[in-house]
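Visitor: Kindly generate the corresponding structure for this input.
(chains A and B)
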Amino acid sequence: MNAVTTVPPAAIAAEPIVRLDGIQRSFGLVQALRGVSLSLKGGHALALVGESGCGKTTCARIIARMDTPTGGEMLYRGRNITRTGTAAEEKAYRRAVQMVFQDPFASLNPVFSVQHHLARPLALYGHARSKAEQVQGVADLLNWVGLEPALTAHKFPHELSGGQRQRVNIARALAVQPDVLVADEPTSMLDVSIRLGILELLARIKQERQLALLYITHDIATAAHVAEEVIVMFAGQMVEWGDTLSVIGDARHPYTQLLLSAVPDPDRPFVAGDSARFLGHAEEVRRLSRPSSTEVNQVGSNHFVRALGAVS
Amino acid sequence: MNEALLQIRDLSVDYLLDKGAFRAVKNVSFDIGRGELFGLAGESGCGKSTIAYAITRLAKAPAWVAGGEILLDGQDLLKLPESRLQEVRWRRIGMVFQSAMNSLNPLMRVEAQFHDVLRRHTGSSREKSRARAEEMFKLVGIPGSRLTDYPHQFSGGMRQRIVIAICLALKPELIIMDEPTTALDVVVQREILEQVIDLQRGYGFSVLFITHDLHLMAQLCHRIGVMLKGELVEVGDVRQVSRAPAHDYTRKLWGAIPQLPGYPSVKDAIA
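Guide: Numbering: from 1, shown residues only, chains lettered A, B, ... in the order given. The predicted structure follows:
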């Protein structure tokens, strides 16, 4: 199946498909998002990295329109869609933005076959009308995600491994022919050994179908495999962002440095007697990183760091 | 390796299915020394968790231990009558599983859960349990004042630490940790495992650490075993298994891990 885009790739790259501008989301007194701004561009991947509770999933839910921001603006192809639009606009947006979730075991319906899971969106969105078109469409999708149609289409979710299920989930998202794919921790429940395969698949889809990919993870090491740009978030605030290689290779914010230091590294065995020091350090970094700050410094052509705010 | 605490000899475990028996663990043998951190690595379905369940005799139908010996200090756990398992489980062998943080009772204050375990296994009084719980909380870095909280009031990482604290309260000789930090983020993962290393140094217990993340295992363990489709294909010192793996599969497993592109500045700054 070929990439279906109505706008030439070059034009998409110039203009973001989805743009968030100063997005805020509060749950009562808790500020889950404190002014998040980002652009999702065709053929381009952006990684959102941070620990549990940093707001990265809230951000994904807002982009997928499963949640509404309490402040800021959201644009789709230049049109302000912060407030709900007409039913037709909503449907068009939901077609354009698809999600892949963390848990491959919970996101497929156990009573339906792979064929059913993929044929349904094809039919619903008018990409396959006849039965024959559906069968062909499903086969194309499975080929796309690296699964053999003859061996997979008739199977039920419990007959597939976690990695295979995640590939079916990606195929299901692609069936709708979206412009934007939001992948929320798509590999964190999978074995280390099959993570790379899924990451490479996402990178290939982004490239060949000129999709905008938002990759959400707590593992900054995998972000480098998929995304050209990365945003490190802490406590609802973007603390450091820009070109992935620059942010990882020349991390300036203490929280980014903390994240990098915690990536498992076989060359650095843990040393007994060290835990108090590391825990103290991590606590201090969190304490310093939490306060709001509006001061942002540019440290590279596309590399920005938020200054530390005043600790109250 | 010091004197062996746990010796696994020719262990085979089957899953009895409609189509016949599926051998999930095939003639596996390895030792864990006193005070040793031993890692068992492999992909989902390779049999590593099945071994953990077999050691604690928690393997339930359709799992069936088809053969072999599991010797704790020379005593075969597989031959122990059910009535005497109580003396071993938790008392001598503690367990922390991936979903352990969800195994706390949501309706009981944490303090009561400590008392539950301590009373059952040591006949401890409420006051003694309270004192022990405070001591253990201090060890895992949680203020004692929070003992009266309910599990939902703690983060995932803290709940996992509470389970480790409950486990350590009985001073077991061996702790089996099956993917103890897989559900947590990397910073919290490092926080917990650094604490495990410190506690291990202090208490001298042995650890069977099960994970699919070889990088993490190499940071923590003294020796590593690698499993593939129910077989132990390689066992060796951490240095050997990471620098000069003997088996093709071990090499493949190393190569499959997403790594950071060079970040020497940070590596050195924080190390």
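
Visitor: surely B:Gly230 meets B:Val25?
Guide: Yes. Judged on Cβ atoms under 8 Å, B:Gly230 makes contact with B:Val25 at a distance of 5.2 Å. C-beta coordinates here come from the backbone N, C-alpha and C atoms, glycine included.

Visitor: Looking at these two, which is more packed in?
Guide: Higher neighbour count among B:Gly230 and B:Val25: B:Val25, with 27 against 22, using other Cβ atoms under 10 Å in any protein chain shown.

Visitor: contacting residues around the host helix or strand of that one?
Guide: According to DSSP states H and E, B:Val25 maps onto strand B:20-33. Strand B:20-33 has contacts (Cβ atoms under 8 Å, 6 or more residues apart in numbering or on different chains) with B:1-15, B:38, B:47, B:50-51, B:54, B:63-64, B:66, B:68, B:174, B:206, B:208, B:225, B:227, B:229-232, B:235.

Visitor: Ignoring the adjacent residues along the chain, who's closest to A:Ile63?
Guide: Distance criterion Cβ to Cβ, 6 or more residues apart in numbering or on different chains; nearest residue to A:Ile63, sequence neighbours excluded, is A:Val182 at 5.7 Å.

Visitor: OK, contacts around that neighbour?
Guide: A:60, A:63-64, A:97-100, A:214, A:216.

Visitor: Return the mean pLDDT over the host helix or strand of it, rounded to an integer.
Guide: Assigned by DSSP H and E, A:Val182 belongs to strand A:180-184. Taken as a whole, strand A:180-184 has a mean pLDDT of 95.

Visitor: And stretch A:222-229, by the same measure?
Guide: 91.

Visitor: does the residue sitting nearest the centre point of chain B have beta-bridge partners, and which?
Guide: Geometric centre of chain B, nearest residue: B:Met177, 1.3 Å, by Cα atoms, centre = their mean. Counting by DSSP bridges, B:Met177 is bridged to B:Val96, B:Phe209.

Visitor: Do I have it right that it meets B:Phe209?
Guide: Yes. Assessed by Cβ under 8 Å, B:Met177 is found in contact with B:Phe209 at 5.1 Å.

Visitor: Name the strands paired with the strand holding B:Val25 and say parallel or antiparallel.
Guide: Paired strands of strand B:20-33, with direction, are strand B:4-17 (antiparallel) (DSSP bridges).

Visitor: Tell me which residues of the strand it pairs with come out buried.
Guide: Going by neighbour count (16 or more other Cβ atoms under 10 Å in any protein chain shown), the buried part of strand B:4-17 is B:4-8, B:11-14.

Visitor: out of these, which one sits closest to chain A?
Guide: Chain A lies nearest to B:Leu5 out of those, by Cβ to the nearest Cβ, at 18.9 Å.

Visitor: Kindly provide the distance from the closest one to B:Gln75.
Guide: Per Cβ to Cβ, to the nearest Å, B:Leu5 is found 11 Å from B:Gln75.

Visitor: Helices along the stretch 101-250 of chain B, start to end?
Guide: B:110-122, B:126-139, B:156-169, B:186-203, B:214-220, B:238-243, B:248-255 (DSSP state H, counting those that start in this stretch).

Visitor: need the ones you listed in a markdown table with distance to chain A and mean neighbour count, can you?
Guide: Shown next, in a markdown table, are those (distance: least, Cβ to the nearest Cβ, whole Å; neighbours: other Cβ atoms under 10 Å in any protein chain shown):
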| stretch | distance to chain A | mean neighbour count |
| --- | --- | --- |
| helix B:110-122 | 20 | 18 |
| helix B:126-139 | 10 | 17 |
| helix B:156-169 | 7 | 23 |
| helix B:186-203 | 4 | 21 |
| helix B:214-220 | 3 | 24 |
| helix B:238-243 | 5 | 18 |
| helix B:248-255 | 6 | 16 |
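
Visitor: What about residue 59, how many residues nearby?
Guide: Going with chain A. By other Cβ under 10 Å, the residues close to A:Cys59 number 29.

Visitor: You answered for a different chain; I wanted chain B.
Guide: 21.

Visitor: okay but A:Arg19 is in contact with A:Ser39, surely?
Guide: Yes. Using Cβ under 8 Å, A:Arg19 makes contact with A:Ser39 at a distance of 5.0 Å.

Visitor: Which one's more surrounded, the two?
Guide: Set A:Arg19 next to A:Ser39 and count neighbours by other Cβ under 10 Å: A:Arg19 wins out with 19 against 16.

Visitor: where does the more buried one land on pLDDT?
Guide: 96.

Visitor: what residues are up against it?
Guide: Going by Cβ under 8 Å, 6+ apart, A:Arg19 touches A:37-40, A:74-75.
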